[in-house]
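Sequence first, predicted coordinates after that:
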Amino acid sequence: DAKTTQPNSMESNEEEPVHLPCNHSTISGTDYIHWYRQLPSQGPEYVIHGLTSNVNNRMASLAIAEDRKSSTLILHRATLRDAAVYYCILYAYSGAGSYQLTFGKGTKLSVIP
Amino acid sequence: DTAVSQTPKYLVTQMGNDKSIKCEQNLGHDTMYWYKQDSKKFLKIMFSYNNKELIINETVPNRFSPKSPDKAHLNLHINSLELGDSAVYFCASSQDKTARRNEKLFFGSGTQLSVL
């Protein structure tokens, strides 16, 4: 299984930027890096994904290291609504011609008012 | 309109019973999934169906049987429920086959199953 390593928890003050790190040293050249988040009592929600280049969307930015062994999800201004568990996932080959998302433990982000 | 909807939201039942959880997506997606989130909050894939055909079948007891009457629906039937089946079950969908590694998954809000 393609694995990722994230801190168990992080804290941020409201309206400040948040950098959520992820290590994925065993990544293969064709694995995409995906980020999802799960708000309390809800299903996971897609945040962003990338392969090699940094990516931006309306929710966040994804910075990918040149060797692709780590990445950082950047929330530019944390709000209370961003308090969630953030999962860094490698969308990897699972056999029989298919790929799947394998969730790890994630990082629980707390946002302080 | 809710993109991926599951019913019921809560399900409380006795050991040994048979129960079903329904899932529907209105996104026009071809692939649907069932994930299980246990008490330690680990999310694990159970099944994946593409256009009514089983694609992924992880190591899940055969008491769990997914059924896909059409590509917009993937129901989960569980026979002879056990205490260890208590968890939150999430349905999800994606546009195309899982062979596309940049697919986004859309999840439902979950069904909390409690087996007493």
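That came through, no problem.

who touches the residue in chain A positioned nearest to chain B in this structure?
Residue nearest to chain B within chain A (CB to the nearest CB): residue A:43, separated by 3.2 Å. No exception for glycine: its C-beta is placed from N, CA and C like everyone else's. Going by CB atoms under 8 Å, 6 or more residues apart in numbering or on different chains, residue A:43 touches B:4, B:90, B:92, B:107, B:108, B:109, B:110.

hang on, isn't residue B:114 packed against residue B:9?
No - judged on CB atoms under 8 Å, residue B:114 makes no contact with residue B:9 at a distance of 12.0 Å.

Could you please name the strands the helix or strand hosting residue B:68 pairs with and the direction of each pair?
Using DSSP states H and E, residue B:68 maps to strand B:64-70. Strand B:64-70 sits in its sheet next to strand B:73-78 (antiparallel), going by DSSP bridges.

Which parts of the strand it pairs with count as buried, going by neighbours?
B:73, B:74, B:75, B:76, B:78 (16 or more other CB atoms under 10 Å in any protein chain shown).

if we look at the next helix or strand after that strand, which residues are touching it?
Sequence order places strand B:87-94 as the next helix or strand after strand B:73-78, per DSSP H and E. Under the criterion CB under 8 Å, 6+ apart, residues A:43-44, B:3-4, B:6, B:21, B:23, B:25, B:27, B:29-39, B:43, B:74, B:76, B:103-108, B:110-113 lie in contact with strand B:87-94.

just the buried members of those residues?
Among the contacts of strand B:87-94, those classed as buried by neighbour count (16+ other CB under 10 Å) are A:43-44, B:4, B:6, B:21, B:23, B:25, B:29-37, B:43, B:74, B:76, B:103-108, B:110-111, B:113.

Which of the contacts of strand B:87-94 fall within strands?
B:4, B:6, B:21, B:23, B:25, B:31-37, B:43, B:74, B:76, B:106-107, B:111-113 (DSSP state E).
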